[in-house]
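K.L.:
Please find the sequence and the predicted model below.
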Amino acid sequence: MSISDELENIVPAKLVVEDVSKSFAGRGRRVQALDNIRLEVGEGEFVCLVGPSGCGKSTLLNLIAGLDYPDSGRVLADGRPVVGPGRDRMVMFQEHALFPWLDVVGNVMFGLKLKPGLTRKDRREVARYYLKLVGLEKFMDSNVHELSGGMKQRVALARALAPNPRVLLMDEPFAALDAMTREQFYVDMQKIWAARRKTIILVTHNVREAVCLGDRVLIFSAHPGRIREEFKITLPRPRDFSSLELAALAGDITRALKSHTTAEAAA
Amino acid sequence: MKRFRHALIFFASLVVLWQIICWVRNSPVLLPGPLVVARYLGEAIMDGTLGVATWITAKRLLIGYGIGCVIGLPLGLMTARSKFLGDTVGLLALGLQTLPSVCWVPLALLWFGQSEGAMLFVVVMGTLWSVLIAVDNGVRNLPPIYVRAAHTMGSSGAHTLLKVVLPASLPFVVSGMKQGWAFAWRSLMAAEIYVTILTGYGLGHLLHFGRELNAMEQVIGVMFVIIGIGLLADKILFSPWEHFMHRRWGTARE
């Protein structure tokens, strides 16, 4: 396999979540984290899941990633059931989860080392390509602790993109960043998504972030975790995080989100 | 260079102080001067006694320490990941680690005789449990996110263990290996000083003979050699790792 094969823009995957339920043992009782979730995500679609804490959004992401298994129902990636983690579905976590014992390029190369057919030089080239994509080419040989929080998340993004997955699962990756860094990230994320077409599911608390990035925004509610409402975002891209239309739409969705959570609290 | 100069001045003043005390007390038996000790060291190096003794001691230490690490590392990984092994072997290790390994000397002599086997046994007992507990501890303190992240990148089984779990617990592993080294070194010296081993005389024996002959310059000379080996081991065995960790984890203080 050559580098150009490796960097080829492959077709993003279609994801189907079929009637998935999942519960956990809580304090003395079972907590229904997900209740009969049905979701279809098209090839190359960017879907955002918003909802209150503990509504099961992250659980759903873990099920799609194959890090956890549903009690019932199943998850299909391109028609094949997900039975475990795989390089076709990469995950970005809220914590950067970079390995401190490796330097930046070593972190990005970690997933590539497990891909057959690439020489060390190829892997380095692939890693360089993705570090350049996230704007950190100069920091290839830096240590993780030398980077700022935003830069660490960029490396984590490069690491997730490097094995050329068809799906990118993002679990509140911007939550711990400061506002300035985050807004720059939205701009870059849109560029990167345009350059490397992936099917993306982003879990977030931030409705405006969801509207800025997503093709679709799904509202989750907790106890039990369910998808309550769905918004299609048709604003033209690239989207400006501070634009009025975006803010207005985010306002509508926030109101909808609130009505679902208060209804739930009253029930 | 500046640091080197500081160290040089500091140690030179210690030697001068030592010499002054010798002049004041003037008792070659209680405290021989630096020159006498230096002369002994020179002679012992020239006639080979020091070299042979150092070699015998170093061999016992390195082989015993190596065995201890080779057994302790995988066992620590296993006790951390298996509840059963943690409750059994882990508890045993915790108990035995509190036992100063020199306590094994009487039994080791009975079992192995006054031989290399007894010495190795004592060194292994000093190393093994510290290393095991340190690795166990390191693995238990591992942020689970590392393993999850590795799994999503296609890592599993032995690959995860060797490429993620082990390097992630490196700070614990190295400090455990250092502690194991210290235990092994101390217990070996104690054993060599108090027990005659027929298969070879190590540094401890040399020190012991110095005492019997009232040759305090020999006792002090050997003490210097023991300190030197300890420092050397630290620099060769552990400094590179600590340096690496400071650089990568960013724990160095400049």
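P.N.:
Here it is on my side, so go on. Numbers count the residues shown, from 1 in each chain, chains lettered A, B, ... in the order given.
K.L.:
So for the residue of the stretch 51-200 of chain B found nearest chain A, what's the nearest residue that isn't a sequence neighbour?
P.N.:
As assessed by Cβ to the nearest Cβ, chain A sits closest to B:Met153 within the stretch 51-200 of chain B, at 3.5 Å. The C-beta positions use only the backbone N, C-alpha and C, and glycine is treated the same way. Nearest non-adjacent residue to B:Met153, counting by Cβ to Cβ, 6 or more residues apart in numbering or on different chains: A:Gly111, 3.5 Å away.
K.L.:
can you check B:Trp18 too?
P.N.:
What sits nearest to B:Trp18 in space, not counting adjacent residues and going by Cβ to Cβ, 6+ apart, is B:Pro34, at 5.5 Å.
K.L.:
does the one you found really touch B:Gln19, like I thought?
P.N.:
Yes. With contacts counted by Cβ atoms under 8 Å, B:Pro34 reaches B:Gln19, the gap being 5.6 Å.
K.L.:
The most centrally placed residue in chain A is in what secondary structure piece?
P.N.:
What sits nearest the mean C-alpha location of chain A, by Cα atoms, centre = their mean, is A:Met170, with 1.7 Å. Secondary structure from DSSP states H and E places A:Met170 in strand A:167-171.
K.L.:
other SSEs contacting that strand?
P.N.:
On a contact count with 3 or more Cβ pairs under 8 Å, 6 or more residues apart in numbering or on different chains; DSSP states H and E, strand A:167-171 meets helix A:57-65, strand A:89-92, strand A:199-204.
K.L.:
Report the contact partners of A:Pro70.
P.N.:
By Cβ atoms under 8 Å, 6 or more residues apart in numbering or on different chains, the contact set of A:Pro70 is A:Val20, A:Ser21, A:Lys22, A:Leu34, A:Leu63.
K.L.:
Considering these, which possesses the most neighbours?
P.N.:
Counting neighbours by other Cβ atoms under 10 Å in any protein chain shown, A:Leu34 leads these with 26 neighbours.
K.L.:
Would you mind giving both backbone torsions of it?
P.N.:
Torsion angles at A:Leu34 (phi, psi; degrees, to the nearest 10) stand at phi -130, psi 130.
K.L.:
Ok, the one 3 residues further on next?
P.N.:
Dihedral angles of A:Ile37 (phi, psi; degrees, to the nearest 10) stand at phi -80, psi 130.
K.L.:
Could you tell me which residues of the stretch 101-250 of chain A lie near chain B?
P.N.:
Residues of the stretch 101-250 of chain A that fall close to chain B, judged by Cβ under 8 Å from any Cβ of the partner chain: A:101-103, A:110-111, A:114-115, A:143-146, A:159, A:163.
K.L.:
let's see 6 Å
P.N.:
When proximity is defined as Cβ under 6 Å from any Cβ of the partner chain, the stretch 101-250 of chain A approaches chain B at A:Trp101, A:Phe110, A:Gly111, A:Leu114, A:Asn143, A:His145.
K.L.:
Could you dump those into a markdown table and include secondary structure and pLDDT?
P.N.:
What follows is these, written out as a markdown table (DSSP: H, G, I helix; E, B strand; the rest coil; pLDDT from 0 to 100):
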| residue | secondary structure | pLDDT |
| --- | --- | --- |
| A:Trp101 | coil | 95 |
| A:Phe110 | helix | 94 |
| A:Gly111 | helix | 89 |
| A:Leu114 | coil | 81 |
| A:Asn143 | strand | 95 |
| A:His145 | helix | 93 |
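K.L.:
Check residue 178 and give its pLDDT.
P.N.:
No chain was given, so I picked chain A. With respect to pLDDT, A:Asp178 scores 90.
K.L.:
Actually, chain B is the one I wanted.
P.N.:
In this model, B:Lys178 carries a pLDDT of 91.
K.L.:
Same question for A:Ala267.
P.N.:
57.
K.L.:
Also B:Arg247?
P.N.:
Value for B:Arg247, per-residue pLDDT: 89.
K.L.:
Near it, how many other residues are there?
P.N.:
By other Cβ under 10 Å, the burial measure for B:Arg247, its neighbour count, is 14.
K.L.:
Okay, strands next: where are they in the stretch 1-150 of chain B?
P.N.:
Taking DSSP state E, counting those that start in this stretch to define them, one finds no strands in the stretch 1-150 of chain B.
K.L.:
Those residues of it touching chain A, which are they?
P.N.:
Listed as neighbours of chain A in the stretch 1-150 of chain B under the rule Cβ under 6 Å from any Cβ: B:Ile145, B:Arg148, B:Ala149.
K.L.:
still on that earlier bit, and the residue nearest to B:Met153, how close does it get to A:Leu133?
P.N.:
15 Å (Cβ to Cβ, to the nearest Å).
K.L.:
Can you say which helix or strand has B:Leu232 in it?
P.N.:
Going by DSSP H and E, B:Leu232 is part of helix B:216-233.
K.L.:
Run the chain-centre distance for that helix.
P.N.:
Centre-to-centre, helix B:216-233 and its host chain are 14 Å apart (Cα atoms, centre = their mean, to the nearest Å).
K.L.:
Can you name the element that comes right after it?
P.N.:
Next along the chain from helix B:216-233, counting by DSSP H and E, comes helix B:239-245.
K.L.:
ok, A:Gln184 - how many residues close by?
P.N.:
Around A:Gln184 there are 15 residues (other Cβ under 10 Å).
K.L.:
Low-confidence regions, chain A specifically.
P.N.:
Where chain A drops to pLDDT under 70, the residues are A:1-2, A:263-267.
K.L.:
Kindly state the beta-bridge partners for A:Ala25.
P.N.:
The residues listed as beta-bridge partners of A:Ala25 by DSSP bridges are A:Arg30.
K.L.:
What count of nearby residues applies to B:Asn141?
P.N.:
12.
K.L.:
mind checking how far it is from B:Ala80?
P.N.:
In terms of Cβ to Cβ, B:Asn141 sits 9 Å off from B:Ala80.
K.L.:
re earlier: helices - which of the residues of the stretch 1-150 of chain B next to chain A land there?
P.N.:
Judged by DSSP state H, helices contain the following of the residues of the stretch 1-150 of chain B next to chain A: B:Ile145, B:Arg148, B:Ala149.
K.L.:
Now do whichever strand or helix holds A:Ser21 against strand A:167-171, angle only.
P.N.:
A:Ser21 is part of strand A:15-25 when elements are defined by DSSP H and E. For strand A:15-25 against strand A:167-171, the angle by axes from the mean of the first three to the mean of the last three Cα atoms, to 10 degrees is 30 degrees.
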